[in-house]
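**Student:** Need the 3D shape of this:
(4 chains)
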2 protein chains.
Amino acid sequence: MNTSNDQQDIKREKILEASYQRFLHYGYSKTTMNEIAGDLSMSKALLYYYFPDKSELYMAVMRKLANDYLKQLEDKLGHFTDLREAFLFQVNTHHDFIVSNYNFFDFFRLNEQNLPDTIWETVSQIRGAEIKLLADAIQAEVEKNNIQPVANPIEIVEVFLDALHGIKVGGSLPHKKLNFPHKEHLDEIHNKRLLLIDIFVKGLK
Amino acid sequence: MNTSNDQQDIKREKILEASYQRFLHYGYSKTTMNEIAGDLSMSKALLYYYFPDKSELYMAVMRKLANDYLKQLEDKLGHFTDLREAFLFQVNTHHDFIVSNYNFFDFFRLNEQNLPDTIWETVSQIRGAEIKLLADAIQAEVEKNNIQPVANPIEIVEVFLDALHGIKVGGSLPHKKLNFPHKEHLDEIHNKRLLLIDIFVKGLK
DNA sequence: AATTTGATAGTTTTGTTAAAAAAGTCAGGA
DNA sequence: TCCTGACTTTTTTAACAAAACTATCAAATT
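**Tutor:** From the prediction side, this is the model:
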């Protein structure tokens, strides 16, 4: 209907795409608004016409990525044949999500406290979707009498997700830098998580 | 035999005790050698007569604490009636260890990279003892045919310990500061870990 | 000879300031 | 309504001096 809005949305998308590339390669703090504007051959002021500030721009990109991830989870919700399949799907999808956007999240390594508080809404949203997916799967198995009844599926899933995040590399020689994992370690961590799934799912039977 | 050495050891112990109190209350970086010397009514130079530098002094205190903890684990090694008891003992003992020395470890929160590398030897030693305790318990249960055989008990224990460390607070509202837990959260975390034990041990049956 | 200290040297942390870089604003043009 | 150049404000960086602290050592004490 509103051509003007369509045009706006297209340009907004272009900005998001260019910003994503910059953030993915250089991270938040090493990306300047001038560079993004330069990539698009537009003035920096125009960026501020479409987005209130740098943080909100970053957040908008982040929300787009999150929505893709959320969609993957929602599409599968309730379509699992057993518990193990559900847990495997969650862990694999999450792994792919992190691997393909690894550098985009590099601000997590530093103490970048200057990011907007609204980022935690998105993080919560993602965690909520993950919890829902797995808690539903547990509930379904309980109703099918495949596993014994549990008092609080959500509590169990929260412990499981926390446990997943605890999996690190370097068993015998703990690393000094205990910040989030290096890219080359992601596969090793992924494999350990698969082992955790084996035991955990069996423990719910 | 050597009275001189006995006297040295006594004084060394006194220094360790005074240092422990300071480190426990104020942490590594907020404790000065002058203050420790003042507490003992001795000159700062004398501290350097007994310990080569501040890092080594801190490490000596740390080793003393670690030895107490290791002793608790070793005393119980191989004296468990079932797997659950072993895992519970490990988690409870660890919890008590952290709670009673909480402020001593506060340098972990900051990026205190200026601590001696030898600290990681002690950390490794502790982790090694934890792994041994639990892996032995698993092995014993396997031999008693209480649980099914496992290919690699150590690998399983490592995943378990990592999972334990991943347990955090604030399921719905993730905290900005994702550093190590606040003192008031330790009990909540402890309870979640007990839940993890329930499921994990059952998964090994 | 072993133990202890005051004085002092060397290093790290902290605070200050100026310059540079980047974020963010705005009056006005198309 | 969309867009820009010029401008203001805020943040980062670098340089440097002052303060605090670590570490050393010759000399004194036991």
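**Student:** tell me which element the residue in chain A positioned nearest to DNA strand D falls in.
**Tutor:** Among all residues of chain A, A:Ala45 sits closest to DNA strand D, at 2.9 Å; criterion: Cβ to the nearest atom of the strand. (C-beta placed from N, C-alpha, C; glycine too.) Under the assignment given by DSSP states H and E, the secondary-structure element containing A:Ala45 is helix A:44-50.
**Student:** what about that helix and DNA strand C, touching?
**Tutor:** Yes: counting by Cβ under 7 Å from any atom of the strand, DNA strand C is contacted by helix A:44-50 at A:44-45, A:48.
**Student:** What's the first helix or strand after that helix?
**Tutor:** Going down the chain from helix A:44-50, the next helix or strand is helix A:54-76, by DSSP H and E.
**Student:** Pull out the buried positions in that next one.
**Tutor:** Burial within helix A:54-76, assessed by neighbour count using 16 or more other Cβ atoms under 10 Å in any protein chain shown, is assigned to A:54-55, A:57-63, A:65-66, A:69-70, A:72-73, A:76.
**Student:** Looking at the residues you listed, which one is closest to DNA strand C?
**Tutor:** Each of the buried residues of helix A:54-76 was checked against DNA strand C using Cβ to the nearest atom of the strand; the closest is A:Lys54, at 3.5 Å.
**Student:** Next up, the contacts around that closest one.
**Tutor:** With Cβ atoms under 8 Å, 6 or more residues apart in numbering or on different chains as the criterion, the residues that contact A:Lys54 are A:Met33.
**Student:** Can you spell out the domain ranges of chain A, please?
**Tutor:** Per the record's domain assignment (automatic domain parsing), chain A is made up of the domains A:1-51, A:54-204.
**Student:** mean confidence for the longest one?
**Tutor:** In this model, domain A:54-204 has an average pLDDT of 90.
**Student:** Read off the pLDDT value for A:Leu24.
**Tutor:** The score at A:Leu24 is 97. That number is its pLDDT.
**Student:** Strands of chain A, start to end?
**Tutor:** In order along the chain, chain A carries no strands (DSSP state E).
**Student:** what does it put close to DNA strand C?
**Tutor:** So chain A meets DNA strand C at A:31-34, A:44-45, A:48, A:52-55 (Cβ under 7 Å from any atom of the strand).
**Student:** before we move on, the earlier item: and the domains of chain A, which is most packed in?
**Tutor:** Mean neighbour count (mean count of other Cβ atoms under 10 Å in any protein chain shown) peaks for domain A:54-204 among those, with a mean of 16.
**Student:** now do the same end-to-end measure for it.
**Tutor:** Domain A:54-204 has an end-to-end distance of 45 Å (Cα to Cα, to the nearest Å).
**Student:** which residues touch the residue lying closest to A:Ile126 once chain neighbours are set aside?
**Tutor:** The shortest distance from A:Ile126 to any residue that is not its chain neighbour, by Cβ to Cβ, 6 or more residues apart in numbering or on different chains, is 5.7 Å, and that residue is A:Ala66. The contact partners of A:Ala66, by Cβ under 8 Å, 6+ apart, come to A:122, A:125-126.
**Student:** how does it look with 10 Å?
**Tutor:** Neighbour list for A:Ala66: A:59, A:97, A:121-123, A:125-126, A:129 [criterion: Cβ atoms under 10 Å, 6 or more residues apart in numbering or on different chains].
**Student:** go on, A:Val91?
**Tutor:** By Cβ under 10 Å, 6+ apart, the residues touching A:Val91 are A:130, A:160-161, A:164, A:190, A:193-194, A:196-197.
**Student:** which stretches of chain A form helices?
**Tutor:** Using DSSP state H, the helices of chain A run over A:3-26, A:33-39, A:44-50, A:54-76, A:83-100, A:119-143, A:153-166, A:186-204.
**Student:** shouldn't A:Glu141 be in contact with A:Ile156?
**Tutor:** No: judged on Cβ atoms under 10 Å, A:Glu141 makes no contact with A:Ile156 at a distance of 11.8 Å.
**Student:** list residues touching both of these two?
**Tutor:** The overlap between the contact sets of A:Glu141 and A:Ile156 (Cβ under 10 Å, 6+ apart) consists of A:150, A:204.
**Student:** measure the residue nearest to A:Ala18 when sequence neighbours are not counted to A:Glu188 for me?
**Tutor:** Leaving aside its sequence neighbours, A:Ala18 sits nearest to A:Asp39 (Cβ to Cβ, 6+ apart; 4.7 Å). Here A:Asp39 is placed at a distance of 35 Å from A:Glu188 (Cβ to Cβ, to the nearest Å).
**Student:** contacting residues around the closest residue to A:His25 other than its chain neighbours?
**Tutor:** Nearest residue to A:His25, sequence neighbours excluded (Cβ to Cβ, 6+ apart): A:Asn103, at 6.5 Å. A:Asn103 makes contact with A:23-27, A:183 under the criterion Cβ under 10 Å, 6+ apart.
**Student:** what number of residues lie near A:Asp53?
**Tutor:** Number of residues near A:Asp53 (other Cβ atoms under 10 Å in any protein chain shown) recorded here: 12.
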